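Just need the structure, nothing else, for what follows:
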Amino acid sequence: MLVRNWMQKNPITVTSGTLVSEAKRILAEKNLHALPVVDNGRLRGLVTRASCLRASDHVARTQDPNEFDYFVNRLRVRDVMVRNPVTVSPDDTIEHCLLIGQELGHAQLPVVDEEEVVGRVVGVISANEVFKLSAQFLGAFERWAGVTLAPIEIGHGTLGRITAVAEQAGAVVYAVYPIADICLTQGNSDREKRVVLRFQHDDMVQVVLALRSAGYRVSEESQEVQSKKRKK
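This is a model prediction of the structure:
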């Protein structure tokens with residue numbers, strides 16, 4: 001999964017000389033969390049909604065007319081932006097973005113095309129994109145039913161056998177995800193994973209019973225998701 005296929009393309013940008021009050025307005029009106037700061041085609045920084053709010057909140061607390069005037073008419077993006085922000089390339093993977101976001105605590109990553117003479121901002125990858133991808137993986141929009149199996153050792157054919165059991169019970173399987181269990185003790189094998197299964201079926205109980213009969217322990221059942229689908 002490459003960044004270029006999932007990023008916000010052609011993002012709104014501002015210059016370092018833009019008033020913070022104007023950047024705050026754009027962020028609010030467009031429901032954005034950050035704006036790349038670009039001067040002469042080159043990325044200079046990142047102004048976030050949080051930094052704009054901190055500046056305006058300070059003015060609101062002090063109730064000082066001079067500070068209000070400074071905020072509205074003189075405070076510039078260059079004064080509050082994150083300078084030299086971490087960036088990613090259009091050819092980086094979403095997995096790479098997730099690792100950077102987790103390690104550095106960044107929720108907004110400008111996407112810069114360094115193949116051009118001047119690295120141009122061509123997009124943004126944010127927590128919003130990751131959230132949307134997660135929702136698609138789990139079938140939130142399609143309202144797939146699902147179960148989570150208790151940790152098992154994953155080997156050759158394990159996921160195929162689990163899928164076969166569900167399909168033999170009448171399920172249309174859309175996704176199977178092995179997920180590391182951070183709660184496992186150190187003595188457990190690194191190959192032990194929880195298995196998340198997402199599918200459609202008129203009666204999810206049949207799938208659960210089939211999995212249990214095959215020796216798998218079902219730790220979670222997404223019955224609410226399936227019931228919402230039925231009410232449509």
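
May I have the phi/psi pair for Phe131?
When read as degrees, to the nearest 10, the backbone of Phe131 gives phi -60, psi -40.

in which helix or strand would I find the residue nearest the centre of the chain?
Centroid check for the chain by CA atoms, centre = their mean gives Val130 as the closest residue, at 1.8 Å. Taking DSSP states H and E as the definition, Val130 sits inside helix 127-137.

Return the alpha-carbon coordinates of stretch 195-202 using CSV.
The C-alpha trace of stretch 195-202 is given here as CSV (Å, rounded to 0.1, in the frame of the first residue of the first chain):
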residue,chain,number,x,y,z
VAL,A,195,-7.1,-14.0,14.4
VAL,A,196,-9.7,-11.5,13.4
LEU,A,197,-12.3,-12.8,10.9
ARG,A,198,-14.7,-10.5,9.0
PHE,A,199,-17.5,-12.0,7.0
GLN,A,200,-21.2,-11.8,6.0
HIS,A,201,-23.7,-14.4,7.1
ASP,A,202,-27.5,-14.4,7.9
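
Now for the chain, the helix or strand with the poorest mean pLDDT.
Within the chain, confidence by mean pLDDT, DSSP states H and E is lowest for helix 223-231 among all helices and strands, at a mean of 50.

any idea how far Ser222 is from the residue nearest to the residue nearest to the centre of the chain when sequence neighbours are not counted?
Distances taken as CB to CB, 6 or more residues apart in numbering place Leu98 nearest to Val130, at 6.7 Å, with adjacent residues excluded. C-beta coordinates here come from the backbone N, C-alpha and C atoms, glycine included. Leu98 sits 23 Å away from Ser222, going by CB to CB, to the nearest Å.

ok, now Gly105?
Using CB to CB, we find Gly105 at a distance of 30 Å from Ser222.

Which one's more surrounded, the two?
Neighbour count, other CB atoms under 10 Å: between Gly105 and Ser222, Ser222 has more, with 21 against 7.

okay, the more buried one: pLDDT?
pLDDT, Ser222: 73.

related to what we said a few turns ago, do you know the pLDDT at the residue nearest to the centre of the chain?
pLDDT for Val130: 78.

Repeat that for Val205.
Confidence score, pLDDT, at Val205: 91.

Is it in a helix, a strand, or coil?
Under DSSP: H, G, I helix; E, B strand; the rest coil, Val205 falls in the helix class.

Tell me, how many residues neighbour it?
12.

residues near Asn84, how many?
By other CB under 10 Å, 10 other residues sit near Asn84.

My guess is it contacts Gly45. True?
Yes. Contact criterion CB atoms under 8 Å: Asn84 and Gly45 qualify, at 7.1 Å.

Spell out, range by range, the strands that occur in the chain.
Using DSSP state E, the strands of the chain run over 8-9, 34-39, 42-48, 82-83, 108-113, 120-126, 145-153, 172-180, 192-200, 218-221.

wait, which of these is closest to Gly17?
strand 34-39 (8.1 Å; CB to CB).

From the chain's centroid, how far away is that closest one?
With CA atoms, centre = their mean, to the nearest Å as the basis, strand 34-39 stands 21 Å off its chain's centre.

Run the angle between that strand and strand 120-126 for me.
160 degrees (axes from the mean of the first three to the mean of the last three CA atoms, to 10 degrees).
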